[in-house]
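>>> Just to be clear, the model below is a prediction. Sequence and coordinates:
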Amino acid sequence: MNWLKRLWNWIIRKTATSPELTVVEESPSETPNEILVRLLLAQGINAREISVTKIEEKFDAWYDGPATDDDVSAAIIEFKKAYGISFSND
């Protein structure tokens with residue numbers, strides 16, 4: 001009987017797992033500026049125009065909302081009006 005118990009314990013020890021908790025830190029995937037540039041490029045605005053107008057620095061100073069596509073997209077029109085920015089395809 002003793003050998004059966006040892007065998008059982010050995011099998012259990014080899015196959016048993018203990019749950020391990022891992023801490024996952026969420027980091028924002030994109031900043032509002034990165035979202036802005038991505039949305040402008042998707043609208044067909046040239047990357048050169050974005051850099052010439054220095055839109056990223058201006059938007060960073062102007063925008064203080066959440067970093068979501070919907071919020072940044074809604075703010076683009078007001079931002080362009082506030083700074084008098086227009087692009088070739090507007």
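Ah, there it is.
>>> can you dump the C-alpha coordinates of the worst-scoring helix or strand of the chain on mean pLDDT into CSV?
With mean pLDDT, DSSP states H and E as the measure, the helix or strand of the chain carrying the lowest mean pLDDT is helix 2-15 (a mean of 81). Backbone C-alpha positions of helix 2-15 (Å, rounded to 0.1, in the frame of the first residue of the first chain) are rendered in CSV as follows:
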residue,chain,number,x,y,z
ASN,A,2,2.9,2.3,0.8
TRP,A,3,4.3,2.1,-2.8
LEU,A,4,0.8,2.9,-4.2
LYS,A,5,0.6,6.0,-2.1
ARG,A,6,4.2,7.1,-3.1
LEU,A,7,3.3,6.5,-6.8
TRP,A,8,0.1,8.5,-6.4
ASN,A,9,1.9,11.4,-4.7
TRP,A,10,4.6,11.3,-7.4
ILE,A,11,2.1,11.5,-10.2
ILE,A,12,0.1,14.3,-8.5
ARG,A,13,3.3,16.3,-7.9
LYS,A,14,4.3,16.0,-11.5
THR,A,15,0.9,17.0,-12.9
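>>> Geometrically speaking, which residue is the centre of this protein?
With distances taken as CA atoms, centre = their mean, the chain has S29 as the residue nearest its mean C-alpha position (1.7 Å).
>>> Poorly predicted segments of this structure, please.
Along the chain, the model assigns pLDDT under 70 to residues 1, 16-18, 26-28, 90.
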